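Asks: Fold the following for me, if possible:
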Amino acid sequence: MRDLNFIIFFVGLSFINQVKEDLYYAYKSSSWTQIQGVVSESALVTEERKKDQPQTYVPDVLYRYEVLGKKYKNNRISFERSFKDRAIANGFIEKYPKGKTVVVFYNPGNPSQSVLEP
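Replies: Below you'll find the predicted structure:
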């Protein structure tokens, strides 16, 4: 029982740290440098789930951009990664179709870190 409590505590702590990090970057990314990019792939992914978990959907939008002559690609739309509502996830696919020119917010200290919606 003691081991189970430790595992639950550790998983909870990991989850809290991930949420804290996502909130931090969501806040910071609004002031990141903006540059144009292009969507190269756009698809809706259904995440595998456990029997007792609700179905989740991930809008997988791959975009490319260039900073100081170096090419980058990323698929982070926002700091919210998956959605229980298929219509919300699908809305991102409709908003970011393949070939669309987009505004990319990238971290000037680490240009490989980017997001479309801070």
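Asks: Would you point out which residue is most central in this protein?
Replies: With distances taken as Cα atoms, centre = their mean, the residue of the chain nearest its centroid is residue 76 (3.4 Å).
Asks: Does residue 67 touch residue 35 like I think?
Replies: Yes - with contact defined as Cβ atoms under 8 Å, residue 67 reaches residue 35; the gap is 6.5 Å. C-beta coordinates here come from the backbone N, C-alpha and C atoms, glycine included.
Asks: Name the residues contacting each of those two.
Replies: residue 106 (Cβ atoms under 8 Å, 6 or more residues apart in numbering).
Asks: circling back: which ones are touching the closest residue to the residue nearest to the centre of the chain other than its chain neighbours?
Replies: Spatially, and ignoring its direct neighbours in sequence, residue 76 is nearest to residue 115 (5.0 Å; Cβ to Cβ, 6 or more residues apart in numbering). Under the criterion of Cβ under 8 Å, 6+ apart, the neighbours of residue 115 are 25, 29, 32, 74, 76, 77, 78, 79, 104, 105.
Asks: what pLDDT does residue 115 get?
Replies: We note a pLDDT of 96 for residue 115 in this prediction.
Asks: now do residue 29
Replies: Predicted confidence (pLDDT) for residue 29: 77.
Asks: so it touches residue 110, yeah?
Replies: No - counting by Cβ under 8 Å, residue 29 stays clear of residue 110, with 11.6 Å between them.
Asks: Between those two, which has more neighbouring residues?
Replies: The residue with more neighbours, out of residue 29 and residue 110, is residue 29; 20 against 9, by other Cβ atoms under 10 Å.
Asks: in terms of contact, does residue 101 touch residue 63 like I think?
Replies: No - counting by Cβ under 8 Å, residue 101 sits too far from residue 63 to count as a contact (9.6 Å).
Asks: contacting residues around the host helix or strand of residue 73?
Replies: Using DSSP states H and E, residue 73 sits within strand 70-74. Strand 70-74 has contacts (Cβ under 8 Å, 6+ apart) with 40, 62-66, 104, 106, 111-115.
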